[in-house]
Each structure stands twice: as structure tokens, then as C-alpha cells.
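Asker: have a look; sequence and predicted model below, questions after that.
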Amino acid sequence: MGQETAMTQDAIRIEGLRKVYAGGKEALKGVDLTVPRGSVFGLLGPNGAGKSTLINILAGLVTKTSGKVTIWGWDQDVNPRQSRAAIGVMPQELNLDPFFTPRGALEVQAGLYGVPKAQRRSDEILELVGLTDKAEAYARTLSGGMRRRLLLGKALVHAPNVLVLDEPTAGVDIELRQMLWTNVRKLNKERGMTIILTTHYLEEAEEMCDEIAIINHGEVVARDSTQNLLGQLDAKTMVIQPEDGLDALPKAEGITAERRPDGTIALSYRAHQTSAEDVLSLLRDQGVRIRDVRTEQADLEDVFLSLTRKN
Ligand code: ADP
Ligand code: MG
């Protein structure tokens, strides 16, 4: 432990990571990324961006073309056993042996990771993922949601320092999504587990993650705290419902007015150069009487679009 702590405080350190698949597809184009210990980190990007490729390289399921991957201080190429022991991965696909029961699947997984019988915590894990009463059911009789929970359980058998979830909530119902979110928060808060999750749901990243990297076409296009990413855009929009129909749209430097199909007028401005008061006085000056008014803020979706639109 002493050695690894001295080496780095990062849970994951990725340097110049490239992956070219057989057939020539360059899925990762030299990615540099660090994930601090103890964080909930989001890897966000559209389908095909390279998220699963990156995760599967971390998990040792896909071989990298070049670059360096360090997990909990262990270089993947120099100390493959230690780096593998430090990470647990819940894969995107539901690949489960249909003939194992949940308890059996956890035991086999623990065996693969060399966890001694006395240290196995199958009951505790079954409880955590809500499969206690399905412990002896065959995997093929489990619902999609239960299988996903079992995959989470399998990722936990060796008590990894880093838990990676590849699109954990893609296509799952709200109840399961809430359960997964609760579990992930608990593992992070109570056990100090570092969590990395990939998602193409902006809402999920916004809700769950302390820090976010946005990946697009195999490249990291942004990496910052969720707060800072959201703060990057200071675009604001004031939407007014005018008392009377307007012949001409209000006009002023720094304010863009647009008529919406529902009859409201949307006035867009930058918060750092124009205040809401400026917008209201412009309307007053131009004799616009307001029946109703509300404001809209930029959300992560706007940041995301502005960063991924250029390619
Ligand atoms: P994401 O998880 O962000 O949706 P992936 O990492 O799955 O993205 O895929 C990144 C790119 O690599 C895509 O263009 C995908 O088609 C391609 N790709 C993924 N797996 C393979 C593979 N086994 N062989 C060839 N190309 C692949
Ligand atoms: Mg994927």
C-alpha cells in the first residue's frame, strides 16, 4: 500500500491511449485522462465516441494499440495482476452464463479473482443489489433488470478500489435507475470507492458526477468539474408573453429576440455582459407590456452540444 500511495493519488491515469481495431477503425486517438481517487467520474459522449473501448481497455478485455494505463498506481503492462485486482467493471452487455444462479455466479467470479472462501461476501453483495430472494434462481429466469444488478454484484466480489459502470442505466426503467444511483452513491460515500460511469444521458452525469470528461470521436474534448462545465456557458434566455401582439421584435446590442411558435418572445443574452434588468428596461423603452415572464438557463446539454457540434 505504501508504495502505491507514494506513486500517485490518481485512481486512474491514462496517457496517450490509442486503439485501432482490426479493420482500421481508430476508436481512441491518443487520450490523456486522470481520475482522482474517491470521485464519481463521468465519461460522457455520444454513441460510438469510444467510451466502451476505453472502459474495456481498463478492464483488460480489449488490448490497447499504444499508450500507458495506470490503475491505482499499478502500470497495466508492468503489474497486470495488481492493476486488474484494483478495478471492477460492470460491462454494457448482459453477458451472463444462463446456468448459474446469482450466488453461483458471484462465487465463480470470486474464484476467478482469487478471493479466499473466508473473505467472500456473496450474501452481503446479494443484499446490496437486491437479489437476496433470487439467490438460487437460474440466471435465465431473471429479468433484464435483475441481470444488470447481478452484473453489478459480480463487479464487486473482489472489493475493488475502482468501480466502473458502462452505461449502467441505458434502457432500464426508472425504478432500477434509482436503485443503481443509490447503490453507486452508497459505495462511493460509505466505502470511498472511486466510481467511473459512462453514459450518454446528460442528466445522469449532471446528477451523479463530481467531474466529467466529454469524449467525441475518440478524443477528450472537455474535462472539468461538473460545476465548471455548467458555468462555461453563461447563455441565458428570458421568455416573455407580451400583453399585445408585437409588430416588431425588440432590438438592442447583446440581446437577440426570437418569436416562438407559441406566441412568446425569447430574448437571449450573455449574463456576464447583460443583466435581466437591461432586458426588462429595453422592453419598457420599446413600449412592450408583459403579461408573463420566465427565464431559461443553459444546462449540460448546451455545453455538450457546443463541444461536440464542431466535428
Ligand atoms: P461507445 O461506447 O462510446 O458507444 P465504442 O467504444 O463502443 O463507443 O466504439 C467506438 C468506435 O469503435 C465505434 O466506431 C465502433 O463502431 C468501433 N468499434 C467498437 N468495437 C469494435 C470492434 N470490436 N471492432 C471494430 N470496431 C469497433
Ligand atoms: Mg459503449
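Answerer: Perfect, thanks for sending it. Not measured: the values here are computed from a predicted model. Ligands and ions are numbered 1, 2, ... in the order given.

Asker: and the nearest residue to residue 290 once chain neighbours are set aside, bridged to which residues?
Answerer: Nearest-residue entry for residue 290: residue 240, 5.1 Å, with adjacent residues in sequence omitted and distances by Cβ to Cβ, 6 or more residues apart in numbering. C-beta: built from backbone N, CA, C; applies to glycine. According to DSSP bridges, the residues that bridge with residue 240 are residue 265, residue 293.

Asker: touching, residue 240 and residue 264? I think so.
Answerer: Yes - between residue 240 and residue 264 a contact is recorded at 6.4 Å, counting by Cβ atoms under 8 Å.

Asker: burial measure for the one residue in the stretch 201-311 of the chain that gets nearest to ligand 2, as a count.
Answerer: As assessed by Cβ to the ion, ligand 2 sits closest to residue 215 within the stretch 201-311 of the chain, at 10.6 Å. Residues contacting residue 215 under the criterion other Cβ atoms under 10 Å number 24.

Asker: what about it, distance to residue 48?
Answerer: From residue 215 over to residue 48 the distance is 10 Å, taken as Cβ to Cβ, to the nearest Å.

Asker: ok, residue 82 next?
Answerer: 32 Å.

Asker: the strands in the stretch 1-150 of the chain, which residues?
Answerer: All strands of the stretch 1-150 of the chain, identified by DSSP state E, counting those that start in this stretch, fall at 10-20, 26-36, 40-44, 66-71, 74-75, 87-90.

Asker: those strands: which one's closest to ligand 1?
Answerer: Closest to ligand 1 of the strands of the stretch 1-150 of the chain, according to Cβ to the nearest ligand atom: strand 26-36, at 3.6 Å.

Asker: any buried residues in that closest one, and which?
Answerer: Along strand 26-36, the positions that meet the burial threshold by neighbour count (16 or more other Cβ atoms under 10 Å) are 27-28, 31, 33-35.

Asker: same question for stretch 166-182.
Answerer: 166-169, 172, 176-177, 179-181.

Asker: with stretch 177-196 instead?
Answerer: Within stretch 177-196, the residues scored as buried using 16+ other Cβ under 10 Å are 177, 179-181, 183-184, 187-188, 193-196.

Asker: now the residues you listed in a markdown table, with secondary structure?
Answerer: As requested, the buried residues of stretch 177-196 are arranged in a markdown table below (DSSP: H, G, I helix; E, B strand; the rest coil):
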| residue | secondary structure |
| --- | --- |
| 177 | helix |
| 179 | helix |
| 180 | helix |
| 181 | helix |
| 183 | helix |
| 184 | helix |
| 187 | helix |
| 188 | helix |
| 193 | coil |
| 194 | strand |
| 195 | strand |
| 196 | strand |
